[in-house]
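1. I'll drop the sequence and a predicted model, then ask my questions.
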Amino acid sequence: MPVVQGSNLGPAPFDDTLTMSSLTQAERFRAQEAGYAIPKAQAFYSGYRYVVGYYGIDALVEELHRDGHRRQFGLPLAIYVSDFAGTEVALTDDGYLTMPESRTTGWVPVEEAAFVVDSGAKTPGGPAVVPFSERPAARRFAGQYGGDVVGWDELRDRRFGGDEVTRDAMTEAVRSRSTWANGTVDDARSLLDRPVSVVVGRDAPSIAAAIERAPANTTVRIPAGTYPDLNVTVDKPLTLAGAGADATHLNGTGNGTVVHVEAPRVAVANVSVAGVGTTKRPEDVPVEEGSWDYNIKMAYGYADAGIVFDRANGSLVKGVTVDTPTNGIVFRYSDGSVVDDAFVQGRTPWQDGFMSVMVLNSRIVVQDSRFVKGRDAVYTHRSHGIVIRDNYMEGLRFGVHEMYTSDALVRNNVVRDAGTGLIVMTRPTGNALVGNDVRECDLGISVAGAESFVADNVLVDNRVGLDLTAYRTLYTGNVIARNAVGISASTLIPTNRVYGNDVVGNERYVESIMGPVRVWTVDGRGNYWGGAPGFEGGDGTLDRPFHPTGPVDGRAHRATGSHTLALSPAVGVLRWHGNHVPGLRSTGVADAAPLAEPARPGVVANVTGTGGAS
């Protein structure tokens, strides 16, 4: 459990604080594995019951600058930062902070600290601010590694580039990522234009022989037919082109991967693949044992598959069908590759299957494909900037499962009957989930991490529509309808911006078990809550705030008489006291300016058939 502030405002055990960070979880794991030091801070606030820890002094400063910070947290009562005085701190050749194993940092009140800025020091997340309790120690560090020594007053006025997530900025990011994807797809599709050099059955007796005979950068044509007992390796840039997935069938032996690509610029097109092996955890794989993500790669990334691309940049899968008990298509260290118009059939229940598309350390595009059954449709690991768009996913554990992946675009996908439609885990940053349609799942969308963009999605008929587990993330334009719970406000750090969403026809508006009051209003605009009591105030908002987790407002859409009670003088008095007396202020969610009409009326009318009235 996170540590709760008491009367003693001395430093808390950092591992027990609620943490925010300028580093992703992958970057923190990398620092821990390499023995790099990360400057930290922890803060006690007047309006927040938990101690907040910060990885990176810049993360603390940027949070203090954030619009709405004081409203949610109150004033800082005490702030402590790491003390590197006496630790023999030094920099590696690459600029990372290190200390002897026998040394540890203590804590110093922020007002008493001296900070070295603009030096050569960095963490895996970027430049580092290094604090010391003694100014001479700070000067010695700056003399050796560069930079200036400043006090807290000067540091607090600095900005470190952590701009707030806005719709305009993220719309531009979506456009930029889509443009990259379009160019990547066009480049990969050019592989289908290579001249035919070998035809299987005419110029070579087998697919393996045809691959061996064909010159690089040509096409091996595979006529219609079934090719059994297949287990081939492509070790040069080639295009393998069948006559169609319903005509050219590549059947493996049931032991191992059917097609293994070990060269860049390889295309596999217009074939079906079956007879995939069932080995899920091979014993001998080329992964550095002891690396922080070794177990993850072992667990998923090196299982048998229909097609595997290893260090095969710029490759293509087009018009391919895979039937598999394990992975369907795997990319490992294969940037700029594309999956286009594929169909992968997995196994049910999902415990018996693996990933339709497994992506390790590869920025690729997955588009216009269909994934049915199995564990996850698309699983990503450290695949920053991946684009997953316009796919259909059904009957899986997860539709899209992002792990340690930042700056991804997940757009216009349809997910049905899954455990979770779209899930972003392990605290990445900068992801965009836009325009997806998720229905009939246990959980629609869940995004962890920071500074992401969850917009214009449709979440209908799920147990929980939207789960807010991130921080400094923008949620807007989402239609959340007919779920058992519309929104789960599960994060304890109230830094998200939530506005312009339509929450209609759910059994419960919001589920919020613990934590502070979250205010879901931005620049005088909140969200549309179907059935919320009140009258239009002339600016498109209702004339009273709305508390979707409150005992009265929370039942406004389904309890007879709740509107009358919500507008009664007695409830108004209780609200006034709650807003002015901290001891009477409840936890939960408040919308200071609820919308009088849906933000997306056409979509609301389509999914509810009521125009969003309730």
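-> Great, that's in hand.
2. Going by residue numbers, what spans are helices in the stretch 451-600 of the chain?
-> For the stretch 451-600 of the chain, the helices identified by DSSP state H, counting those that start in this stretch occupy 562-566, 569-580, in order along the chain.
3. try the stretch 301-450 of the chain
-> Listed in chain order, the stretch 301-450 of the chain contains no helices at all (DSSP H, counting those that start in this stretch).
4. Can you pull the poorly scored residue ranges out of it?
-> Screening the stretch 301-450 of the chain residue by residue with the criterion pLDDT under 70, one finds no matching range.
5. Not counting its neighbours along the chain, what's nearest Arg332?
-> Leu360 (4.6 Å; CB to CB, 6 or more residues apart in numbering). (Each C-beta comes from the backbone N, C-alpha and C, glycine too.)
6. nope, Tyr48 is what I meant
-> Phe73 (4.6 Å).
7. How about the contacts made by the one you found?
-> Under the criterion of CB atoms under 8 Å, 6 or more residues apart in numbering, the contact list for Phe73 reads 45-48, 52, 494.
8. what's the most distant pair in the residues you listed?
-> By the measure CB to CB, Ser46 and Pro494 form the most distant pair in the contacts of Phe73, at 14.3 Å.
9. can you tell me which helix in the protein is longest?
-> Secondary structure assigned by DSSP state H gives helix 167-189 as the longest helix of the chain.
10. Could you report the distance from the nearest residue to Arg416 once chain neighbours are set aside to Ser272?
-> Beyond its immediate neighbours in the sequence, the residue positioned closest to Arg416 (CB to CB, 6+ apart) is Glu394, lying 4.5 Å away. The spacing between Glu394 and Ser272, counted by CB to CB, to the nearest Å, is 19 Å.
11. close enough to count as contact, Tyr45 and Arg71?
-> No: under the criterion of CB atoms under 8 Å, Tyr45 lies out of contact with Arg71, with a separation of 11.4 Å.
12. When those two are compared, which one has more neighbours?
-> Per other CB atoms under 10 Å, whichever of Tyr45 and Arg71 has more neighbours is Tyr45, with 21 against 12.
13. Quick check: chain neighbours aside, which residue is closest to that one?
-> For Tyr45, the nearest residue in space outside its immediate sequence neighbours is Phe73; the separation is 4.2 Å by CB to CB, 6+ apart.
14. What mean pLDDT does stretch 21-37 get?
-> Mean per-residue pLDDT for stretch 21-37: 94.
15. Okay, buried residues for that stretch please.
-> For stretch 21-37, burial by neighbour count (16 or more other CB atoms under 10 Å) applies to 21-31, 36-37.
16. again, but for stretch 291-306
-> Within stretch 291-306, the residues that qualify as buried by neighbour count (16+ other CB under 10 Å) are 293, 296-298, 300-306.
17. Now do the end-to-end distance for it.
-> Using CA to CA, to the nearest Å, the end-to-end distance of stretch 291-306 comes to 27 Å.
18. Stretch 500-511 now?
-> Counting by CA to CA: the opening and closing residues of stretch 500-511 are 19 Å apart.
19. any idea how far that stretch is from the chain center?
-> In this view, stretch 500-511 has its centroid 23 Å away from the chain centroid, taken as CA atoms, centre = their mean, to the nearest Å.
20. Next: stretch 124-131.
-> When distances are taken as CA atoms, centre = their mean, stretch 124-131 is centred 23 Å away from the chain's centroid.
21. And for stretch 535-542?
-> 35 Å.
22. Chain neighbours aside, what residue packs nearest to Phe160?
-> Excluding the flanking residues, the one nearest Phe160 by CB to CB, 6+ apart is Asp58, at 4.0 Å.
23. Of the buried residues of stretch 21-37, which belong to strands?
-> Secondary structure defined by DSSP state E assigns Ser21 of the buried residues of stretch 21-37 to strands.
24. Please narrow the buried residues of stretch 21-37 to those residing in helices.
-> When DSSP H is applied, these are split such that 25-31 fall in helices.
25. Could you measure from Asn361 over to Ala34?
-> Distance check for Asn361 against Ala34: by CB to CB, it reads 18 Å.
26. same check, this time on Val400
-> Distance of Val400 to Ala34, computed by CB to CB: 30 Å.
27. picking that back up, using the three-state scheme, assign the residue nearest to Phe160.
-> helix (DSSP: H, G, I helix; E, B strand; the rest coil).
28. List the residues that contact it.
-> Listed by CB under 8 Å, 6+ apart, the contact set of Asp58 reads 22, 126-129, 160, 162.
29. coming back round to it: now distance to Asp229 too, for the ones in helices among the buried residues of stretch 21-37, in CSV please.
-> CSV is the format used below for these (distance: CB to CB, whole Å):
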residue, distance to Asp229
Gln25, 44
Ala26, 41
Glu27, 45
Arg28, 47
Phe29, 42
Arg30, 43
Ala31, 48
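30. Among these, which one sits closest to Gly602?
-> Among those, Gln25 lies closest to Gly602 (CB to CB), at 38.8 Å.
31. which one is the closest one nearest to, not counting chain neighbours?
-> The shortest distance from Gln25 to any residue other than its chain neighbours is 4.0 Å, reached at Arg427 (CB to CB, 6+ apart).
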